[in-house]
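Engineer: Structure for this input, please:
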Amino acid sequence: MIDDAFRARLPRYAGPLLAIYARLSLSPNHVSLIGFAVALLASIAVARGEPTAAFVLWWLSRLADGTDGIYARHVGRSSAFGAYLD
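Structural biologist: The predicted model follows:
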């Protein structure tokens with residue numbers, strides 16, 4: 001994938017983001033769903049001809065997608081359903 005190099009480095013730097021997820025009482029599945037919703041917003045931005053907004057939203061959706069599994073393992077809530085949802 002395009003972001004394999006990013007995913008390889010992400011676990012080392014995800015700590016502050018995982019702390020935010022925990023402080024907001026998000027479950028790993030919430031993070032997955034938020035990532036999906038942000039990806040939908042990115043597609044709307046593309047359709048509206050707003051490439052900068054689309055890029056930022058796409059990047060945020062990828063960040064959520066890349067950290068949901070890390071967060072699930074961190075809080076001990078990995079599941080088959082979460083893997084499917086991701």
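Engineer: only C-alpha atoms for contact and neighbour calcs from this point on.
Structural biologist: Will do.
Engineer: What backbone torsions are found at the most centrally placed residue in the chain?
Structural biologist: Against the mean C-alpha coordinate of the chain, by C-alpha atoms, centre = their mean, the closest residue is A64 at 0.9 Å. With angles defined as degrees, to the nearest 10, A64 sits at phi -60, psi -40.
Engineer: For the nearest residue to it once chain neighbours are set aside, the count of nearby residues, please.
Structural biologist: The shortest distance from A64 to any non-neighbouring residue, by C-alpha to C-alpha, 6 or more residues apart in numbering, is to G35 (5.0 Å). By other C-alpha atoms under 10 Å, 25 other residues sit near G35.
Engineer: Next up, the contacts around G35.
Structural biologist: 60-65 (C-alpha atoms under 8 Å, 6 or more residues apart in numbering).
Engineer: Let me see the contact set for the residue nearest to the centre of the chain.
Structural biologist: Going by C-alpha under 8 Å, 6+ apart, A64 touches 31-32, 34-35.
Engineer: can you redo the residues you listed as a markdown table with distance to A45, secondary structure and pLDDT?
Structural biologist: Listed next are those as a markdown table, based on distance: C-alpha to C-alpha, whole Å; DSSP: H, G, I helix; E, B strand; the rest coil; pLDDT from 0 to 100:
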| residue | distance to A45 | secondary structure | pLDDT |
| --- | --- | --- | --- |
| V31 | 21 | helix | 92 |
| S32 | 20 | helix | 91 |
| I34 | 16 | helix | 94 |
| G35 | 15 | helix | 94 |
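Engineer: between the residues you listed, which is nearest I44?
Structural biologist: G35 (14.4 Å; C-alpha to C-alpha).
Engineer: Sketch out the low-pLDDT regions of this protein for me.
Structural biologist: Low-confidence segments of the chain, defined by pLDDT under 70: 1-7, 11, 79-86.
Engineer: Sketch out the helices for it, chain order is fine.
Structural biologist: Taking DSSP state H as the test, the helices found in the chain are 4-13, 15-23, 28-47, 51-74, 80-85.
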